[in-house]
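K.L.:
Got a sequence here, can you build the structure:
(one chain, ligands or ions: 1)
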Amino acid sequence: MFGFGQLIAILKKNPKKIVFTEGEDERILEASSRLLASSFLHPILVGNEERIAEAAEEAGFNIRGAEIIDPDKYDKIDEMVECLCEIRKSKGLTPERAREVLKKGNYFGTMLVKMGIADALLGGATYSTADTVRPALQIIKTKPENTIVSSCFILVRPRATGDNEVLAMADCAININPTEDELVEIAGEAAQCAKIFGIEPQMAFLSYSTYGSGAGESVDKMSNAAKKAKAKYPDIPIDGELQFDAAVAPKVAHTKCPGSEVGGHANTFIFPDINAGNIGYKIAQRMGHFDAYGPILLGLNAPVNDLSRGCNAAEVYSMAIITAALA
Ligand SMILES: CC(C)(COP(=O)(O)OP(=O)(O)OC[C@H]1O[C@@H](n2cnc3c(N)ncnc32)[C@H](O)[C@@H]1OP(=O)(O)O)[C@@H](O)C(=O)NCCC(=O)NCCS
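P.N.:
Numbers count the residues shown, from 1 in each chain. Model prediction:
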């Protein structure tokens, strides 16, 4: 069952460098000071060296040993501009515009990953999700075998028995209204992500309808996507379309979807769209008292993750470990 110890063990065997795009943010500095106290994950802070040092001192965090890179003084900026122009040449990016764009921590940090100077990136303490994710989509890009980048949240809550209940939910953060085929791809990526966190996926394609109790385009989308996913991933127990109660409550499953191999005990949930997914994971987090880790971006060529702007230092620390362990 998932615990951070397993991810830290992965990193101890193979330490990584993670770039924080908002190096001057107090929460980033606090998380970095904790990372620097151990040796499995090395932080790179993007920002102005004096301001970072001042902010760390004022807040009382020891960031000695952190690598600080200021986009305005970066000695490899010409190489970076050239590399970015090459990547975006089909979009007609000029060196002048590239130089302008690279003054921003989100683009600069993403280029550090692209150029192999960092292994992973964590941003979004002040940037919106779109502003963190867009540079990754444009520069790091989707893996050759994927058609989209998607995302997954891992939800963790202690059980009375002492172990953790761990669930996966996708896609709650990136694709606004995925098609049937995109849902199938999201399911495959979410299943792989769930396994990394110790979940043996039992996957439900969620809807307001169970086995045709409702009708219409949105029901057909989930029912067809579930069928396609079952055919594509025969080793994963998958069912749908299912209502949430049929997916998780054995008694309801007995009535609404008798014989379902997933109904009543699903642990990996595929939502029909971003509204349902984003609302769903937040209900689990705020009212179900699950800790929510994510969005973990899936399908990119290198690990980049997005923080919530309301995050605290402990969440930055956890997401840094998750992000780097995926590298
Ligand atoms: C992900 C997101 C930011 C992309 O939107 P966008 O910036 O308007 O995207 P664009 O259509 O301009 O595309 C930018 C690039 O990303 C690519 N792209 C967009 N969505 C993509 C996806 N899901 N997977 C892979 N690539 C994608 C585009 O092909 C384009 O590439 P190109 O510039 O090389 O041609 C957008 O879908 C979004 O805002 N999603 C919701 C985010 C959010 O607010 N979540 C809730 C909070 S957790």
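K.L.:
Look up the pLDDT of the spatially closest residue to residue 176 that is not a sequence neighbour for me, please.
P.N.:
Closest residue to residue 176 apart from its sequence neighbours, by Cβ to Cβ, 6 or more residues apart in numbering: residue 274 at 4.9 Å. Quick note: C-beta positions are derived from backbone N, CA and C, even for glycine. For residue 274, the pLDDT comes out at 98.
K.L.:
need the contact list for residue 274.
P.N.:
Counting by Cβ atoms under 8 Å, 6 or more residues apart in numbering, residue 274 touches 171, 172, 173, 174, 175, 176, 177.
K.L.:
now swap in residue 194 and tell me
P.N.:
Residues near residue 194 by Cβ under 8 Å, 6+ apart: 152, 154, 168, 201, 267, 268.
K.L.:
what's the closest of those residues to residue 240?
P.N.:
Nearest to residue 240 among the contacts of residue 194: residue 268, at 11.4 Å, using Cβ to Cβ.
K.L.:
Please identify which helix or strand holds residue 282.
P.N.:
helix 274-286 (DSSP states H and E).
K.L.:
next helix or strand past that helix?
P.N.:
Scanning forward in sequence from helix 274-286 by DSSP H and E, the next helix or strand is strand 291-298.
K.L.:
Give me the contact list for the next helix or strand after that following strand.
P.N.:
Using DSSP H and E, the helix or strand that follows strand 291-298 towards the C-terminus is strand 304-306. By Cβ under 8 Å, 6+ apart, the residues outside strand 304-306 that reach it are 110, 113, 120-124, 129, 132-133, 136, 140, 173, 294-297, 319, 322-323.
K.L.:
From the residues you listed, which land in strands?
P.N.:
Counting by DSSP state E, those place 120, 121, 122, 123, 294, 295, 296, 297 in strands.
K.L.:
Tell me the buried residues within the residues you listed.
P.N.:
The neighbour count (16 or more other Cβ atoms under 10 Å) marks 120, 121, 122, 123, 294, 295, 296, 297 as buried among the ones in strands among the contacts of strand 304-306.
K.L.:
any chance of those in TSV, plus pLDDT and distance to residue 11?
P.N.:
Shown next, in TSV, are those (pLDDT from 0 to 100; distance: Cβ to Cβ, whole Å):
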residue	pLDDT	distance to residue 11
120	97	10
121	97	16
122	97	14
123	96	19
294	91	19
295	92	21
296	94	16
297	96	18
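K.L.:
so which of these are also by the ligand?
P.N.:
Among those, proximity to the ligand is found for residue 295 (Cβ under 6 Å from any ligand atom).
K.L.:
What pLDDT does the model give residue 1?
P.N.:
Confidence score, pLDDT, at residue 1: 51.
K.L.:
same thing with residue 326?
P.N.:
Looking at residue 326, its pLDDT is 84.
K.L.:
That one and residue 303 touch, don't they?
P.N.:
Yes: under the criterion of Cβ atoms under 8 Å, residue 326 makes contact with residue 303 at 4.4 Å.
K.L.:
Pull up the overlap in contacts between the two.
P.N.:
Common neighbours of residue 326 and residue 303 (criterion: Cβ under 8 Å, 6+ apart): residue 120.
K.L.:
per-residue confidence for residue 38?
P.N.:
In this model, residue 38 is scored at 88, pLDDT.
K.L.:
Which residue is the nearest non-sequential neighbour of it?
P.N.:
Among residues not flanking residue 38 along the chain, residue 8 sits closest, at 7.9 Å (Cβ to Cβ, 6+ apart).
K.L.:
Am I right that the one you found is in a strand?
P.N.:
No: counting by DSSP: H, G, I helix; E, B strand; the rest coil, residue 8 is located in no strand; its state is helix.
K.L.:
how far away is it from residue 317?
P.N.:
Distance, residue 8 to residue 317, using Cβ to Cβ, to the nearest Å: 11 Å.
K.L.:
do the same with residue 215
P.N.:
Look at residue 215 and residue 317: by Cβ to Cβ, they are 47 Å apart.
K.L.:
More neighbours: those two, which one.
P.N.:
Between residue 215 and residue 317, counted using other Cβ atoms under 10 Å, residue 317 has the larger neighbour count: 20 against 9.
K.L.:
can I have the strand or helix carrying that one written out in PDB, keeping just the CAs?
P.N.:
Using DSSP H and E, residue 317 sits in helix 313-325. The C-alpha trace of helix 313-325 is given here as PDB (Å, rounded to 0.1, in the frame of the first residue of the first chain):
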ATOM      1  CA  ALA A 313       4.800  23.800   1.900                       C
ATOM      2  CA  ALA A 314       4.000  20.200   2.900                       C
ATOM      3  CA  GLU A 315       2.100  19.800  -0.300                       C
ATOM      4  CA  VAL A 316       5.000  21.200  -2.300                       C
ATOM      5  CA  TYR A 317       7.400  18.800  -0.600                       C
ATOM      6  CA  SER A 318       5.100  15.800  -1.300                       C
ATOM      7  CA  MET A 319       4.400  16.800  -5.000                       C
ATOM      8  CA  ALA A 320       8.200  17.300  -5.500                       C
ATOM      9  CA  ILE A 321       8.900  13.700  -4.400                       C
ATOM     10  CA  ILE A 322       6.000  12.300  -6.500                       C
ATOM     11  CA  THR A 323       7.100  14.300  -9.600                       C
ATOM     12  CA  ALA A 324      10.800  13.400  -9.300                       C
ATOM     13  CA  ALA A 325      10.000   9.700  -8.600                       C
END
